[in-house]
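Colleague: fold the stuff below for me.
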Amino acid sequence: MDYIDGMPWIESGDDLPLCNQEYSIYPSSVFTSIPCKAMTEDGRIIQAVYVYGVSNAINNDGSRCIWEGWAEKTGDADDYTCVDNVLLYKSINVLRWHYNKGVQMPTQNSFAKMVAIENYKKIASKHIDSHPSEWPLVQDDGTINRL
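Modeller: Below is the predicted model of the structure:
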C-alpha cells in the first residue's frame, strides 16, 4: 500500500469519499465531499472533491438526472465552483485518493456499514429480552457472532 503524507491511498474503484457537504438543494440536490488529495490518471496529485447530484425535477420517462464524479478543487477554501464541471459532465478521472492528514471522516462504504449496524442494533434491542438466543451479536468491526 502506498502512502503520502502518512495517509494510505484508497483506490477509487474500491471506495469513494462521503458526500456530506451541501452545495445546492434547488433546482438539483448536489452534495460534495470534503476536499481530499487525489491522483489523476496522468499522475498528478491534486486537491479534489467528489460530487453527487440528483435533479429535483422528474424527466418525461420518470427518471431523474444524476451527476456523479470528481472535480479538481482550486482557489480559496470556500470556492466550490469546480462542481459545475461535474454538472456539465466534465469530471476528471481519479485513480486513488485519501482524506487530508488529520481529517477523520468515514468513506461511503464505511458509512453505509455503520448505518446498517446501527439499524440492526435498534431492531435487535427491541427484541433482545424476548428472544435473546435468536439475535446474533454484532461486533464493532461488522462481524456477526451467534449465541
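Colleague: every contact and neighbour count from this point should use C-alpha atoms.
Modeller: Fine.
Colleague: look up how far residue 107 lies from the residue most central in space within the chain.
Modeller: In the chain, the C-alpha nearest the mean C-alpha coordinate belongs to residue 18, at 2.3 Å (C-alpha atoms, centre = their mean). Residue 18 sits at a distance of 5 Å from residue 107 (criterion: C-alpha to C-alpha, to the nearest Å).
Colleague: how about the nearest residue to residue 19, chain neighbours excluded?
Modeller: If the residues on either side of it in the chain are set aside, residue 19 comes closest to residue 33, at 4.0 Å by C-alpha to C-alpha, 6 or more residues apart in numbering.
Colleague: and the one you found, what does it touch?
Modeller: Counting by C-alpha atoms under 8 Å, 6 or more residues apart in numbering, residue 33 makes contact with 17-21, 49-51.
Colleague: list the buried residues of the longest helix seen in the chain.
Modeller: With DSSP state H applied, the helix covering the greatest number of residues in the chain is identified as helix 108-127. By neighbour count, and taking 16 or more other C-alpha atoms under 10 Å as the criterion, the buried residues in helix 108-127 are 110, 114, 117, 121, 124.
Colleague: closest to residue 102 among the residues you listed?
Modeller: Nearest to residue 102 out of the buried residues of helix 108-127 is residue 110 (C-alpha to C-alpha; 17.7 Å).
Colleague: that closest one: what's it in contact with?
Modeller: Counted by C-alpha under 8 Å, 6+ apart, residue 110 has zero contacts.
Colleague: can you tell me how far it sits from residue 46?
Modeller: 24 Å.
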